[in-house]
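Student: Can you look at this prediction? I've put the sequence above it.
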Amino acid sequence: MIARVALLVVVSLGFGLALGVAKEAQVQPAEAAVTPPTRCGSISTRYLYAVTAHRVTCLRARTIAVQWANQCAQIPTGSCLVTAGFYCRFRSTGHESGAIRCIAEADLLRAHPRPRLVSFVTGV
């Protein structure tokens with residue numbers, strides 16, 4: 001929903017004189033700017049399910065999920081930096097299952113308010 005707002009702009013003409021000009025502007029609420037995650041399906045041959053992407057294409061999100069399976073799943077913590085430049089963190093949700101969130105390394109370094117994000121779950 002876009003709201004229309006009337007603005008009053010005061011322009012100084014010098015010598016103590018001012019001119020008021022009314023303008024109309026459109027304001028978009030912050031919650032409308034946030035887009036929902038894109039659902040990218042599952043990769044059942046790798047036991048990767050419910051792959052979702054924020055500000056990333058589905059092809060790239062699925063590639064990052066496969067890279068996590070190849071590069072991070074064997075590490076005891078399950079967390080690492082994958083080749084695509086995303087830092088993936090593993091959180092255990094049960095026996096041989098977990099939730100993974102991968103955030104673009106560049107967005108982590110500069111504390112981006114809306115980082116590029118890939119998330120998925122794994123398990124047997």
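Tutor: Alright, I've got the coordinates. Residues are numbered from 1 along each chain as shown.
Student: What mean pLDDT does the helix or strand harbouring Val66 get?
Tutor: Assigned by DSSP states H and E, Val66 belongs to helix 58-71. Averaging pLDDT along helix 58-71 gives 96.
Student: Repeat that for stretch 40-50.
Tutor: Averaging pLDDT along stretch 40-50 gives 95.
Student: Please, where are all the strands along the protein?
Tutor: 3-14, 17-27, 38-39, 48-54, 80-81, 86-94, 97-104, 117-123 (DSSP state E).
Student: what's the least confident stretch among these?
Tutor: The minimum mean pLDDT among these belongs to strand 3-14 (a mean of 47).
Student: burial measure for the closest residue to Cys80 other than its chain neighbours, as a count.
Tutor: Of all residues not flanking Cys80 in the chain, Cys72 sits nearest, at 4.1 Å (Cβ to Cβ, 6 or more residues apart in numbering). Quick note: C-beta positions are derived from backbone N, CA and C, even for glycine. Around Cys72 there are 20 other residues, counting by other Cβ atoms under 10 Å.
Student: which ones are touching Cys72?
Tutor: 78-80, 82, 88, 90 (Cβ atoms under 8 Å, 6 or more residues apart in numbering).
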